[in-house]
Structures are given as C-alpha cells and as structure tokens.
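*Asks:* Next one to model:
(2 chains)
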2 protein chains.
Amino acid sequence: MTIESFPRKWREERLENTVIEMHEDYSLHPIGHIRSTLRALDEAPRQGSEGAPDAWLEVNPNFARALLGIATGDEVVVITWLHRADRGVREVHPRDNPEIPLAGVFATRSPDRPNPLGLHRVTVREISGTRLRIGPIEAIDGTPVVDVKPVLVEL
Amino acid sequence: MTIESFPRKWREERLENTVIEMHEDYSLHPIGHIRSTLRALDEAPRQGSEGAPDAWLEVNPNFARALLGIATGDEVVVITWLHRADRGVREVHPRDNPEIPLAGVFATRSPDRPNPLGLHRVTVREISGTRLRIGPIEAIDGTPVVDVKPVLVEL
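*Replies:* Presented below is the predicted three-dimensional model:
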C-alpha cells in the first residue's frame, strides 16, 4: 500500500505532518550562564543534593525584566543545557556503575541524552542586579541556562 | 576605556567568550509528540492539576531504547516545547488577570517566555510499544516533547 492510495485530503495532511516532524527543530537561546567553582565534570556531584556548592546565575541583562518578582529565599527550578553531554547515548549504566543493569536515558537523570536539559531545584540566596546567587547546584562553570521557573508542584 | 586597553590575554579570552555567547544557540530535536483530546489553547487548563486529561506521548521509534526501564505507575517529568508560545514576552499579569501586578516570566509559569519549555509531572498509566499513556497533562495535541526524566527530587 502506497501513500497514493490514501484519500487525497488525508494524504496531504499526512505528508504535511511528516514533513513538519522530519524537519522539526527548535532553537534554544541561553538566557544566562552558571559561574561556579566547579570547573570540570569530574569534580561535579551527580545531583545538587549530593554536596554541590552554591553558584552565580548571571542572567543576560536583556532579560532583566523577566526576573521581576524573584526574591531572596525563593525556590526555583533552573533549566540548564548540559553542553558537554553526548546526545547520541540511548542507554546507560545508572551512576556509571557497570553492576547496575542498563537503563534507557529517559528512565535516568544521565546528562547524556538526546536533548541534554538539566533540571535543578535551587534556593535563591542573594540577588545583585541580574546576578542570582543560587544553590546547591552541580552544574559546572560556563553551563548555559535556558529557563527559570517558580516551584509550583513537586517535580 | 576600550577593549584594547585590557591586557592581551585577558582581552582575547573576553573577546572569545563574547563571540561564543552572542552566537550561542542549541538545537532541540523533539523525541515525540503529545496526542491529546485538547485541541486548542483556550481548552487547556493552566496546570495539569487543574482538571487536565490523560494523553498519549508518542515517542519516535528511533528513541525506543531510551525508554528501557520505564514502567506503568512511574512518576516522570515530561519536558515539552510550547510551540505556540510568544518568545518575546518578558512580563505578564499572572493567570492573565489584570488585577494581579505584572511579574517577570521567570517568576511565573507563563508559557510565553524566551525558551518556552513546559515541565509536566505525570504518571505513566499504560505503555504500548513506544506510546506512553500519561497524565494529567494540560499540553495540547501536537505539542513536541523534548525529554522525559524520572522524578528524583521535588521540583
């Protein structure tokens, strides 16, 4: 059965969706960067709760207005782009432990994944202009930040 | 003071960082799409907890291996790309209520934001090949999905 045997309208919709999905990609523009004493991946704990330090989130001044209402003491979710990740990885041994069976990256928090987004729940410790002192956060120095959201539900 | 008056090494580092950051963007490739009975933004509740339905997450079969280990009953975070959002918005009246003072989008869960990523904590209800029945989720039909992660900490 070929696509020509489908009704014309349905066929056009299907072709259009297929084309959209094949070519579909979206461009993330960092809104800031992490400035941390953690300089290398092998210094970084796996999760913020595992002894990570505080760090500065330097927001690009173009986005200053988007920070209105964020206050010291707030709990926020910072979304990073883990720019050192390997986007081709599909399965990993959790915690790099070969004794733990392979798991799909969507069942783990591996930084290596198709779209290497990092989620970090942090406390805002201090605000200085468009710089936010946040932590604890395991992201290394220079990590791009793509979004900040208030904590609403438990994720 | 011009950049030429900075020490040479420092100047080069600064120029290099500036160039990287000006040109910096990252390409997100959807790993799947939401198939929902919610067809239009004005039908969608603001949060999954506000009466949203269950939906199918259709994962592109290229990513089948990345699902290994996800099971019915799991709590996962689905990250969507809110493709209908206005990326130029910096401040909003929360909940579209003009009586609530303007807030920066980073202090709200507005879908309109520089990088319109949606975070949805959902339960996996059913798994059929690379299709996951998940919910509740307020994302509309056709919303691209860019990542799935297990719930680890409370975000």
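*Asks:* In chain A, which residue is most central in space?
*Replies:* In chain A, the centroid-proximal residue (C-alpha atoms, centre = their mean) is A:Leu117; its distance is 2.3 Å.
*Asks:* helices and strands around the longest strand along chain A, which ones?
*Replies:* If you go by DSSP state E, chain A has its longest strand at strand A:117-128. In terms of contacts (3 or more C-beta pairs under 8 Å, 6 or more residues apart in numbering or on different chains; DSSP states H and E), strand A:117-128 is packed against strand A:75-81, strand A:131-135, strand B:144-150. C-beta coordinates here come from the backbone N, C-alpha and C atoms, glycine included.
*Asks:* For A:Asp96, which of the ones you listed is the nearest?
*Replies:* Each of the helices and strands packed on strand A:117-128 has some distance to A:Asp96 by C-beta to C-beta; the shortest is strand B:144-150, at 16.7 Å.
*Asks:* angle of the closest one against strand B:75-81?
*Replies:* For strand B:144-150 against strand B:75-81, the angle between stretch directions is 160 degrees (axes from the mean of the first three to the mean of the last three C-alpha atoms, to 10 degrees).
*Asks:* from what I can see the residue nearest to the centre of chain A touches A:Val146, true?
*Replies:* Yes. Using C-beta atoms under 8 Å, A:Leu117 is in contact with A:Val146, at 7.4 Å.
*Asks:* where does chain A have low pLDDT?
*Replies:* Residues of chain A meeting the criterion pLDDT under 70: A:1-23, A:153-155.
*Asks:* Need the overlap of contacts for A:Leu117 and A:Val146.
*Replies:* Common contact partners of A:Leu117 and A:Val146 (C-beta atoms under 8 Å, 6 or more residues apart in numbering or on different chains): A:79-81, B:117.
*Asks:* of all those residues, which comes closest to B:Val105?
*Replies:* Using C-beta to C-beta, B:Leu117 is the member of these that lies nearest B:Val105, at 11.7 Å.
*Asks:* The closest one pairs with what?
*Replies:* B:Trp81 (DSSP bridges).
*Asks:* Distance-wise, check it relative to B:Val148.
*Replies:* Taking C-beta to C-beta, to the nearest Å as the measure, B:Leu117 and B:Val148 are separated by 13 Å.
*Asks:* before we move on, what about A:Trp56?
*Replies:* With distances taken as C-beta to C-beta, A:Trp56 is found 30 Å from B:Val148.
*Asks:* cool, and A:His93?
*Replies:* Distance of A:His93 to B:Val148, given as C-beta to C-beta: 19 Å.
*Asks:* How is A:Asp42 classified with respect to secondary structure?
*Replies:* What DSSP: H, G, I helix; E, B strand; the rest coil gives for A:Asp42 is helix.
*Asks:* how about it, what does it touch?
*Replies:* The contact partners of A:Asp42, taken as C-beta under 8 Å, 6+ apart, number zero.
*Asks:* Also A:Ile70?
*Replies:* Shown in contact with A:Ile70 (C-beta under 8 Å, 6+ apart): A:76, A:124, A:127, A:132, A:148, B:104, B:106-107.
*Asks:* out of those, what pair is the most spread apart?
*Replies:* Greatest spatial distance in those: A:Val124 and B:Gly104, 12.9 Å, computed using C-beta to C-beta.
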